[in-house]
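1. give me the fold of what follows.
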Amino acid sequence: MTASTALLRYLLGFVLLILGSFPVAGQHDWDAAIQQVLPQTLKEHRAFVSLPNIPTNRADMQKNLDWATAAFKAQKFNVRLLESSTLPILFAERIVSKEAKTILFYLHIDGQPVNPANWDQADPFVPVLKRQNGQGAWEAIGWENLDRAIDPEWRIFGRAAADDKAPIMMMLTAVKLLDQEKTTLPYNIKIVLDPEEESSSHAFLSTLDQYKSVYAADYLIIMDGPAHPSNRPTLTFGCRGAATCSITVYGAKLPQHSGHYGNYAPNPVFALSHLLSSMKDEAGRVTIDGYYDGIQMTPEVLALMHSVPDDEGEIRAGLVIAQEEKVGEGYQESLQYPSLNVRHIETSWKGPGLKTIIPEVVTAHIDVRLVVETDGAKQLDKIRRHIQEQGYLVLDRDPTDEERLEYPKIAKFLGDPGVNAFRTEMDAPFGKILRSALEKEFGQPPVSIRTMGGTVPIIPAITTLGIPAIIVPMVNMDNNQHNPNENIRIGNMIEGIKMCMTILTMGI
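-> Have a look, this model is predicted:
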């Protein structure tokens, strides 16, 4: 080795040593940082879940709001409670700059009612740490296990452990960790905690006009609901709306003895069954004129939907069905069309046992899941017109005796247009930013769902505020949301914190 070569290598090593002493943009060890604070996060989550949060108990809800207020203030948020028609809305914000963009995060702090008798623990509001044994059953373990090696497959059971207190804890922990590493947030953060999401969000919706400027933001992220069953980071770009209606068909004016009047007095159950069967073909497609009008999907959108790692065979096995309806090609595509579902049928006799009668009346209660291309009132009008085309006199009341004598086919139709759907286009700039940031951090594209099947009560807020919205669900799909034995998988808590840190540091 020549002297000049040796000198060159020495200088290169010295330069690399100097450069290595400076932080490089994009380099971090979030996994190690999360593991370090995880025991404390889970203990704080335990305390949070220990607070009963049923909205009908105002005193309990105030304790939850007080807890959250203190927690967000500890992370340097400006916090205030906004008056509503019922319970106050917790609003927290951190303003980086008036010139910076703003993201509004929506979460909820209330939980579903409980029936303790149906839970596998004494009190749904006394959280229990559990692990799965060799037989697949969940068994309780002591909380002191959090001070040892934590298994990500362990779960915390309790009401609201997942829905929606886990995402609140994920957000608080993410902000804490970023503050500890002195990361400057690239945009303003606004956070809303809704105290009545599980009962139609009346409180939050009542504040929209008064506090529209307070909620103003460039983008809205809704942190609620379960991730895809694969547990990959998930982005949901919309959800279906919901309209409802009922169809009542009439027979004789009073229930009749089936021996005396069988073969003479018409049974309205059969009339209604013929009417309902005229609305769908055997493959499950709605045959009402114009029901699917306006539904179009580009090849790019179809490709994104078909990239969702659904196992159709597993879905059918879980439902225990041999064949699915053929409205769309696969599960994701089927959600892009409005549905027509008979959710309940009732006749005049509701007592115990069976009676040999011909019912005088039968009612079908129907729900219609809406997509962005369909309006609730217009879909109900299409159903009403279809009933008329089948030869029925359609009323919005019970028929008179004179009408019963004149018209052989009478139906009472009552409808509620409900709430329409929302959807942010998958190729919108904000969606691309989120997808790119999560793919870079997690090493694979997030699962991108165009429309989820359910309906969230804050759709009117999205419309009123006029903010592009994306749902970022983080809890495990099998969390028993709204049901007994609700739980959060610790692995989802870990990944959720990391997702929050990714979102909070992405450039917009």
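
2. what pairs with L193 across the strands?
-> Beta-bridge partners recorded for L193 (DSSP bridges): L90, L107.

3. check it and give its pLDDT.
-> Here, the pLDDT recorded for L193 equals 98.

4. how far does stretch 286-301 sit from the chain's center?
-> Here the centre of mass of C-alpha atoms in stretch 286-301, compared against the chain's by CA atoms, centre = their mean, to the nearest Å, lies 24 Å away.

5. ignore the last one, stretch 253-261
-> How far stretch 253-261 lies from its chain's middle: 47 Å, per CA atoms, centre = their mean.

6. check stretch 446-461 too.
-> Relative to the chain's own centre, stretch 446-461 is displaced by 6 Å; criterion: CA atoms, centre = their mean.

7. please apply the same query to stretch 232-245.
-> The chain centre lies 7 Å from the centre of stretch 232-245; the measure is CA atoms, centre = their mean.

8. distance of the spatially most central residue of the chain from I288?
-> Nearest to the mean C-alpha position of the chain, counting by CA atoms, centre = their mean, stands G225 at 3.9 Å. Using CB to CB, to the nearest Å, one gets 30 Å for the distance from G225 to I288. Heads up, the C-betas are built off the backbone N, CA and C, glycines and all.

9. likewise for T363?
-> Applying CB to CB, one obtains 19 Å for the distance of T363 from I288.

10. returning to that earlier point: and the closest residue to the residue nearest to the centre of the chain other than its chain neighbours, which of the three is it?
-> Leaving out its chain neighbours, the residue that sits closest to G225 by CB to CB, 6 or more residues apart in numbering is P473, at 4.0 Å. The three-state label given to P473 by DSSP: H, G, I helix; E, B strand; the rest coil is coil.

11. burial count for P473?
-> Other residues near P473 number 24, with proximity taken as other CB atoms under 10 Å.

12. same question for D164.
-> Under the neighbour criterion other CB under 10 Å, D164 is assigned a count of 26.

13. so who does D398 touch?
-> Contacts for D398 were tallied using CB atoms under 8 Å, 6 or more residues apart in numbering; they are T248, K412.

14. what's the average pLDDT for stretch 457-476?
-> pLDDT averaged over stretch 457-476 equals 94, rounded to a whole number.

15. next, the buried residues of that stretch.
-> Buried residues in stretch 457-476, counted by 16 or more other CB atoms under 10 Å: 457-459, 461-462, 465, 467-476.

16. likewise for stretch 247-254?
-> Along stretch 247-254, these residues count as buried under the neighbour rule (16+ other CB under 10 Å): I247, T248, V249, Y250, G251, A252.

17. helices - which of the residues you listed land there?
-> In helices, defined here by DSSP state H, there are no members of the buried residues of stretch 247-254.

18. wait, which of the residues you listed is closest to G391?
-> Using CB to CB, V249 comes nearest to G391 of the buried residues of stretch 247-254, at 12.0 Å.

19. pLDDT at that closest one, what is it?
-> 98.

20. residues in contact with it?
-> Contact analysis of V249 by CB under 8 Å, 6+ apart lists P268, A271, L272, L275, V361, V362, T363, K409, I410, A411.

21. ok, and the most crowded of those residues?
-> Note: the member of the contacts of V249 with the most neighbours is A411, at 26 neighbours, neighbours being other CB under 10 Å.

22. ok so it is a strand residue?
-> Yes: assigned with three-state DSSP, A411 falls within a strand.

23. could you give the bridge partners of it?
-> Beta-bridge partners recorded for A411 (DSSP bridges): V249, V394.

24. so it is in contact with P268, correct?
-> No: in terms of CB atoms under 8 Å, A411 does not count as a neighbour of P268; the distance is 9.6 Å.

25. can you list residues touching both of those two?
-> Shared contacts of A411 and P268, defined by CB under 8 Å, 6+ apart, comprise V249, Y250.

26. ok, G391 touching I410?
-> No: the pair G391 and I410 does not pass the contact test of CB under 8 Å, sitting 10.3 Å apart.

27. show me where the stretch 51-200 of the chain has strands.
-> If you assign secondary structure with DSSP state E, counting those that start in this stretch, the strands in the stretch 51-200 of the chain sit at 78-82, 89-94, 102-108, 128-132, 138-140, 155-157, 188-194.

28. make a markdown table from those strands and add mean neighbour count and distance to E346 to it.
-> Converted to a markdown table, the strands of the stretch 51-200 of the chain look like this (neighbours: other CB atoms under 10 Å; distance: least, CB to CB, whole Å):
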| stretch | mean neighbour count | distance to E346 |
| --- | --- | --- |
| strand 78-82 | 15 | 42 |
| strand 89-94 | 21 | 39 |
| strand 102-108 | 24 | 33 |
| strand 128-132 | 18 | 40 |
| strand 138-140 | 13 | 38 |
| strand 155-157 | 25 | 36 |
| strand 188-194 | 23 | 34 |
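
29. ranges for the strands of the stretch 301-450 of the chain?
-> Secondary structure of the stretch 301-450 of the chain by DSSP E, counting those that start in this stretch: the strands cover 341-347, 357-358, 361-370, 393-395, 410-419, 422-423, 447-449.

30. pretty sure L304 is one of the things E333 touches, is it not?
-> No: using CB under 8 Å, E333 is not in contact with L304, being 11.1 Å away.

31. helices of the stretch 201-350 of the chain, start to end?
-> Per DSSP state H, counting those that start in this stretch, the stretch 201-350 of the chain carries helices over the ranges 202-205, 212-215, 258-261, 268-277, 299-306, 312-319, 331-334.

32. quick check: angle from the longest one to strand 410-419?
-> In this case it means helix 268-277. Per axes from the mean of the first three to the mean of the last three CA atoms, to 10 degrees, the angle that helix 268-277 makes with strand 410-419 is 50 degrees.

33. could you measure from the nearest residue to P229 once chain neighbours are set aside over to T234?
-> Closest residue in space to P229, ignoring its immediate chain neighbours: M477 at 4.6 Å, by CB to CB, 6+ apart. As judged by CB to CB, M477 and T234 stand 9 Å apart.

34. any idea how far the closest residue in space to I95 that isn't next to it in sequence is from F72?
-> The shortest distance from I95 to any residue other than its chain neighbours is 4.9 Å, reached at N188 (CB to CB, 6+ apart). Distance, N188 to F72, using CB to CB: 15 Å.

35. do R385 as well
-> Using CB to CB, one gets 52 Å for the distance from R385 to F72.

36. so who does K412 touch?
-> Applying CB under 8 Å, 6+ apart, one finds that K412 lies in contact with S246, I247, T248, Y250, V394, L395, D396, R397, D398, P399.

37. ok, those residues vs L146, which is closest?
-> L146 lies nearest to S246 out of the contacts of K412, by CB to CB, at 51.1 Å.

38. residues contacting the closest one?
-> If you count contacts by CB under 8 Å, 6+ apart, then S246 has T363, A364, H365, I366, K412, F413, L414, G415 around it.

39. any idea how far the fourth one lies from C500?
-> In this structure, I366 and C500 are 40 Å apart, going by CB to CB.

40. go on, the first one?
-> Using CB to CB, we find T363 at a distance of 47 Å from C500.

41. now swap in the last one and tell me
-> From G415 across to C500, the span is 41 Å (CB to CB).

42. more neighbours: which of the two?
-> For G415 versus C500, neighbours defined as other CB under 10 Å are more numerous around C500 (25 against 20).

43. surely that one touches M171?
-> Yes: counting by CB under 8 Å, C500 sits close enough to M171 to count as a contact (5.3 Å).

44. which one is D194 nearest to, not counting chain neighbours?
-> On the basis of CB to CB, 6+ apart, the spatially nearest residue to D194 that is not a chain neighbour turns out to be H108, at 4.1 Å.

45. mind checking the longest helix of the chain?
-> For the chain, the helix reaching the highest residue count under DSSP H is reported as helix 30-49.
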